[in-house]
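S.K.: Based on what follows, work out the 3D shape:
(2 chains)
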Amino acid sequence: MTNAVAAVRPARKKFKITKRVFSYPYVLFMLLFVVLPLVMILVNAFLDSDNNLTLENFKIFFTEKSSLIVLGNSVFVGLVTTLICLLIGYPVAYFLSKMSSGKVLVLFFVLPMWVNFLIRTLATKAIFLAMDVTLGMGTVVFGMVYNYLPFMILPLHTTLSSIDRSYIEAAQDLGADSSTVFLKTILPLSVSGIISGITMVFIPTISTFAISQLLSNGKIFLFGDSIQMKFDQGLYGVGSIMSIVMLVFVLVSNFLMNRVGRNNNNMGRSLW
Amino acid sequence: MVKKLKNFCEKSYLLIILAILYAPILLIIVYSFSNSSNFNFSEGFTFEAYVSIFTSEKSPALWDAVKNTLIIACISSVFATVMGTFAAIGIHSMGRRSRRIVENVNQFPIINSEIVMAVSLMIFFVTFAFPEGYLRLVIAHIAFCTPYVVLSVLPKLESMDPNVYEAALDLGANPFKALVKVLFPMITPGIVSGFVLSFTLSIDDFIITQINKGASTGINTLSTYIYSDARVQGLEPFWYAIFSIIFVVVLAILLTANLYKIRKQKQAQKEGKAI
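M.R.: Below you'll find the predicted structure:
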């Protein structure tokens, strides 16, 4: 049958292999279990506990002190973590890209990521407790950096090692010293890696569940934790608002990543 | 001279970062032989922690969690692989516009933060009164695994020579036979990596499972059991032993798999040069 279609329209370059019907079960599944649930979140944001239409939830979220503290904490921890990851991760990626065996070595920086984050977080917590470190903001940021550093190193390493060496040689031939080469050539050429690294660290940091709670003994709550808590307490309306705020963060960052180039956008996929 | 010094500094920087990354893992492994919860060898070197995996009063619950983890991972990755493979074949033959829409929806579970996906599914399950337990968990796991299967099968379809399938049809194979005998063997690498990825993601998942497992059923996977047990009382010695086993197994598998892949790539490169 598809054969006939291709014969009728020979101008079409790509030959259609099989019927698109094959994808219908999946499309249906996704509509039901991915799209519809998200629509329900949107609807729930406008409903009060008796299912009446209301804007009260927005008012609660944006005026209540506790939820603003969560928002502030999340953005603060997210920014600090991202900055530290960038400051630690950029040199790592840069040095690795200069080494001939960098491709193999970068593996060792990424491997710990495949061990469940809960296990790694509990391990760090046990060590902090044994060392008598007070759990608080500092330990939360440490835990986040420890967890998400590989997400920064990987896209940076890909971008840096794909820079054409001849640009660097050209800059040197034209008389630039090594710091000028770095600032004027290498850094601008790696901007796309920096942006994907930033989004790949920032979003998981503010949305993750359990890390901040475990590493601060329940003192510091970030977005992920408080969304879970709101739903646990049956406050679906406010929880939905927070989920929407989170969704906005995700969409904006994804938009940014798409703009800086497709090859970097694929990083996350190949990673997981 | 200056260059050597610079080189040395760069290498030591890399080593220090690596040491920090692996320190917690190594410490846990070392102290798994101490049978203590607070990092001291007061009892001397012992395998007690490893033995207590089997003898502790918590071992039935622990093994139950392991069993649940594997059952859910098996069911959902098989479903995800079958549905995802057929979906990829279907998407591949779609028109440009509908293809773009489906691919964007396919992206959603991947870019979305896990917590939002988890609570959206929870609202859905609660509203439509899905029975708590396995059903909810398996559906949720299929929902976040299948997009990865689609993404690993699609490139294989793109890079395939469509003439081969056409030739099979011309030579008298019916579409079904051509599918099984020609198309599937050609995209098998994509299907396999999609399956492995789904299985790993399902085992590794914590957030979506924790929120959708339902309070009344008492179903735990390994990660949710760790969370519920260790959050309250801290880590008991037998967790050190379990973590060590997980660390070693995961790192060994990934290291061999990746080094093997790199060696194969290098070999392919060399052969390419020779030609």
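
S.K.: Poorly predicted segments of the stretch 1-150 of chain B, please.
M.R.: Along the stretch 1-150 of chain B, no part satisfies pLDDT under 70.

S.K.: Can you tell me which residue of it sits closest to chain A?
M.R.: Closest residue of the stretch 1-150 of chain B to chain A, CB to the nearest CB: residue B:90 (2.6 Å). Bear in mind the C-beta positions are built from the backbone N, C-alpha and C, glycine included.

S.K.: Verify the contact between residue A:250 and residue A:203 for me.
M.R.: Yes. With contacts counted by CB atoms under 8 Å, residue A:250 reaches residue A:203, the gap being 6.0 Å.

S.K.: which residues do these two both contact?
M.R.: In terms of CB atoms under 8 Å, 6 or more residues apart in numbering or on different chains, residue A:250 and residue A:203 are both contacted by the residues residue B:113.

S.K.: So the residue in chain A positioned nearest to chain B, which state does it fall into?
M.R.: Residue of chain A nearest chain B, by CB to the nearest CB: residue A:23 (2.6 Å). On the three-state scheme (DSSP: H, G, I helix; E, B strand; the rest coil), residue A:23 is labelled helix.

S.K.: Secondary structure element holding the spatially closest residue to it that is not a sequence neighbour?
M.R.: Sequence neighbours aside, residue B:90 is the residue nearest to residue A:23 in space, at 2.6 Å (criterion: CB to CB, 6 or more residues apart in numbering or on different chains). Using DSSP states H and E, residue B:90 maps to helix B:59-92.

S.K.: tell me which strands and helices that helix is in contact with?
M.R.: With contacts taken as 3 or more CB pairs under 8 Å, 6 or more residues apart in numbering or on different chains; DSSP states H and E, helix B:59-92 sits against helix A:24-30, helix B:48-55, helix B:96-111, helix B:134-158, helix B:184-204, helix B:222-233.

S.K.: from these, which stretch is densest packed?
M.R.: When the helices and strands packed on helix B:59-92 are scored by mean count of other CB atoms under 10 Å in any protein chain shown, the highest mean neighbour count falls to helix B:134-158 (a mean of 22).

S.K.: re the thing from before, what about residue A:250 and residue A:203, which has more around it?
M.R.: residue A:203 (23 against 18; other CB atoms under 10 Å in any protein chain shown).

S.K.: wait, doesn't that one sit right on residue B:113?
M.R.: Yes. Taking contacts as CB under 8 Å, residue A:203 lies within contact range of residue B:113: 6.2 Å.

S.K.: Any chance you could list residues touching both of the two?
M.R.: A:249-250.

S.K.: Next, the contact list for the residue nearest to the spatial centre of chain B, please.
M.R.: Nearest to the geometric centre of chain B sits residue B:200, at 2.1 Å (CA atoms, centre = their mean). Contacts for residue B:200 (CB under 8 Å, 6+ apart) come out as residue A:114.

S.K.: Residue B:56 too?
M.R.: B:62, B:236, B:238.

S.K.: swap the cut-off to 7 Å and go again
M.R.: Taking CB atoms under 7 Å, 6 or more residues apart in numbering or on different chains, we find residue B:56 in contact with residue B:238.

S.K.: And residue A:230, by the same measure?
M.R.: Contact partners of residue A:230, counting by CB under 7 Å, 6+ apart, are A:238-239, A:242.

S.K.: go with 8 Å
M.R.: Contacts of residue A:230 were listed using CB under 8 Å, 6+ apart, and they are A:236, A:238-239, A:242.

S.K.: cool, and residue A:112?
M.R.: A:120, A:150, B:21-22, B:25.
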